[in-house]
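Quick one, fold the following:
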Amino acid sequence: KNKFAMFLVFLMLALIVFAFIANATAKYGIEDLHRQYRLNPPSLEFLFGTDSLGRDMWARTWYATTVSLKVAALTTFFCTLVGVIIGCIWGYVRATDRFFTELYNILANVPQTIYLILLTYIMEKGFWTLVFAMCVTGWLAMARNVRNLVFMIRDREYNLASRCLGTPLPRMISKNLIPYLVSVVILRMALMIPQNISQEVTLSYLGLGLPGTIPSLGQLLSNGRTKFTDFPHLLIFPSLIVSIITISFYLAGNAFSDASDPRNHV
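Reported below is the predicted structural model:
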């Protein structure tokens with residue numbers, strides 16, 4: 001029923017599909033050099049212009065979009081999976097509450113950037129290294145939210161009645177707990193994807209992201225900011241794509257979160 005949210009969903013899906021199509025059908029490769037066209041503004045030949053080495057920004061921007069989306073999607077999937085499992089155990093099994101609380105306090109009180117910097121220094125730069133580094137503490141917020149919800153509803157009357165009637169634990173989780181978690185999980189996932197892209201941008205800005213041979217939105221933004229005054233096309237197009245992804249996921253995620261909350265359909 002939310003027309004604006006549906007528009008954002010279609011816009012987001014169209015952007016993702018177009019990114020892969022444009023990447024596969026680009027006229028030039030991401031490393032093809034055209035030295036005579038260095039820092040060329042947008043034109044019919046180079047729709048997004050060229051960078052300081054004469055590489056086609058159209059090809060590099062859409063390739064970087066697919067790379068950043070893969071990093072964000074994989075990180076979000078693993079963080080959600082781990083966060084929901086640990087959050088359910090943390091909130092439902094009383095004996096584990098102290099252990100997971102102390103673990104959360106230890107990990108959460110150290111800035112996440114420090115973990116990311118240490119891991120990217122220790123491990124060799126690469127796609128999976130970046131995903132692993134972002135997953136180390138990325139599950140904490142999801143686990144905490146799931147734990148708080150499970151903790152609040154585990155001793156409600158209908159759960160106590162289900163236990164007294166001998167309802168199997170899997171059925172209790174699927175029927176009594178999961179419906180109340182879906183809205184929170186969807187909202188957290190919608191927020192995590194742009195957040196993960198922002199973290200990739202931060203790491204690339206610090207020189208700790210993906211290798212230079214694999215362009216990403218973070219690398220393009222980091223390179224374009226130094227030449228924005230004279231060559232704004234280097235920054236405008238990657239920034240526009242990041243903005244569309246961030247706003248679309250956030251607003252559409254809020255709408256889906258409200259739609260999936262059973263309390264809104266009573």
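
Give me the distance from the one helix or strand Y180 maps to to the chain's centre.
According to DSSP states H and E, Y180 maps onto helix 178-205. For helix 178-205, the gap between its own C-alpha mean and the chain's C-alpha mean amounts to 5 Å (CA atoms, centre = their mean, to the nearest Å).

now do stretch 147-161
With CA atoms, centre = their mean, you get 30 Å for stretch 147-161.

Please point out which parts of it sit buried.
Judged by neighbour count using 16 or more other CB atoms under 10 Å, the buried positions of stretch 147-161 are R147, L149, V150, I153, R154, N159. All C-beta spots, glycine's among them, are computed from the backbone N, C-alpha and C.

returning to what we had before: quick check: which helices or strands does the helix holding Y180 pack against?
helix 57-92, helix 112-122, helix 127-138, helix 140-153, helix 217-225, helix 233-260 (3 or more CB pairs under 8 Å, 6 or more residues apart in numbering; DSSP states H and E).

Redo these as TSV? Include mean pLDDT and distance to V201.
As requested, the helices and strands packed on helix 178-205 are exported to TSV (pLDDT from 0 to 100; distance: least, CB to CB, whole Å):
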stretch	mean pLDDT	distance to V201
helix 57-92	88	8
helix 112-122	76	12
helix 127-138	84	12
helix 140-153	87	19
helix 217-225	80	4
helix 233-260	80	7
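
rewinding a little: can you redo the buried residues of stretch 147-161 as CSV with distance to R171?
Formatted as CSV, these follow (distance: CB to CB, whole Å):
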residue, distance to R171
R147, 21
L149, 18
V150, 16
I153, 15
R154, 15
N159, 12
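
Out of those residues, which comes closest to Y121?
Comparing those against Y121 with CB to CB places R147 closest, at 31.5 Å.

ok, that closest one - contacts?
R147 makes contacts with I86, G87, C88, W90, G91, F100, as judged by CB atoms under 8 Å, 6 or more residues apart in numbering.

ranking those by neighbours, who comes first?
The residue in the contacts of R147 with the most neighbours, by other CB atoms under 10 Å, is G87 (27 neighbours).

how much space is there between that one and L103?
Here G87 is placed at a distance of 12 Å from L103 (CB to CB, to the nearest Å).

swap in P179?
Using CB to CB, P179 is found at 28 Å from L103.

before we move on, what about A24?
According to CB to CB, A24 and L103 sit 43 Å apart.

Neighbour count: the two, which is higher?
L103 (15 against 10).

tell me what the helix or strand hosting that one is packed against?
Assigned by DSSP H and E, L103 belongs to helix 97-108. Under the contact criterion of 3+ CB pairs under 8 Å, 6+ apart, helix 97-108 touches helix 57-92, helix 140-153.

Show me which positions of that helix end up buried.
F100, Y104.

Specify the angle between that helix and helix 112-122 in degrees.
70 degrees (axes from the mean of the first three to the mean of the last three CA atoms, to 10 degrees).

Since that was my last question, I'll sign off now.
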